[in-house]
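In: sequence first, predicted coordinates after that:
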Amino acid sequence: MFSGNNIGWLRLEKNDVGNKSDLLLVSEIKTNLIFPITVFSKETSTYENGKLIYSSQFRKTNGKTNLNKEIRFVENEYEIIENDKKTKLSCPKIDTNLLSLFFQEPKNAEEVYCENQQRFIKLSKADDGGYRMKFPNGNYNCYYYKEGICVKVKMQHKFYIAEIIIKY
């Protein structure tokens with residue numbers, strides 16, 4: 001939702017098999033800020049025994065790919081693959097990332113891994129009951145839960161405020 005109008009759709013899926021969880025987010029947004037804009041996104045995460053072992057992010061804006069990134073847990077370390085380049089990420093374990101916040105309330109989490117920023121972001125309890133993540137650029141997201149399930153995400157950006165309202 002943007003300015004009270006529906007500007008797109010978002011599909012969330014979680015598939016649990018044994019000790020493995022596969023998460024999927026697919027979305028498309030069509031709006032007109034200064035000019036018409038269409039954004040298609042697809043994100044996946046795979047957790048095994050509570051640890052992230054794979055994630056991918058793909059984003060296309062107005063038909064042009066502007067993000068295509070993977071993270072893999074290989075030989076006890078994380079590897080980031082972006083633009084055919086591999087880099088190592090020095091962190092011991094990722095147990096919560098942005099995508100996982102759609103599926104589980106982060107009651108005991110103090111920080112969440114953000115693939116876009118390639119770093120952990122502090123998580124704090126907001127005055128209105130949500131869980132707030134403030135990014136280095138000043139933008140923030142706030143996640144709201146009912147009975148442990150995410151029902152809304154507020155995104156405050158320099159140029160706009162938008163909400164994702166989740167219907168089950």
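Out: Ah, there it is. Numbering: from 1, shown residues only.

In: and the nearest residue to K20 once chain neighbours are set aside, how many neighbours?
Out: Leaving aside its chain neighbours, K20 sits nearest to E48 (5.0 Å; criterion: Cβ to Cβ, 6 or more residues apart in numbering). Bear in mind the C-beta positions are built from the backbone N, C-alpha and C, glycine included. The tally of other residues near E48 (other Cβ atoms under 10 Å) stands at 13.

In: what residues are up against E48?
Out: Applying Cβ atoms under 8 Å, 6 or more residues apart in numbering, we find E48 in contact with N19, K20, S21.

In: and for the first one, the neighbour number?
Out: Number of residues near N19 (other Cβ under 10 Å) recorded here: 9.

In: ramachandran angles for it?
Out: phi -100, psi 20 (degrees, to the nearest 10).

In: measure it to E48 for me?
Out: 6 Å (Cβ to Cβ, to the nearest Å).

In: same for the lowest-mean-pLDDT helix or strand in the chain, what does it pack against?
Out: Across the helices and strands of the chain, mean confidence by mean pLDDT, DSSP states H and E is lowest for strand 161-165: a mean of 87. If you count contacts as 3 or more Cβ pairs under 8 Å, 6 or more residues apart in numbering; DSSP states H and E, strand 161-165 packs onto strand 149-156.

In: quick check: next helix or strand after the helix or strand where Y54 lies?
Out: Applying DSSP states H and E as the criterion places Y54 in strand 51-61. For strand 51-61, the following helix or strand on the C-terminal side (DSSP H and E) is strand 64-74.

In: burial of F102, as a residue count?
Out: The local packing of F102 (other Cβ under 10 Å) involves 20 other residues.

In: grab the nearest non-local neighbour of S27.
Out: Using Cβ to Cβ, 6+ apart, the closest residue to S27 is L10 (4.0 Å).

In: ok, what's across the strand from the residue nearest to K20?
Out: K20, K51 (DSSP bridges).

In: need the pLDDT of it.
Out: With respect to pLDDT, E48 scores 97.

In: quick check: it vs D22, distance?
Out: 10 Å.

In: next: K125.
Out: 29 Å.

In: looking at those two, which is more packed in?
Out: Taking other Cβ under 10 Å, K125 and D22 do not tie; D22 has more neighbours (14 against 10).

In: for V153, give me its contacts.
Out: V153 neighbours (Cβ under 8 Å, 6+ apart): L101, F102, N141, C142, Y143, Y144, E163, I164, I166.

In: and E28, what is it in contact with?
Out: Taking Cβ under 8 Å, 6+ apart as the test, what E28 contacts is G8, W9, T38, V39, F40, S41.
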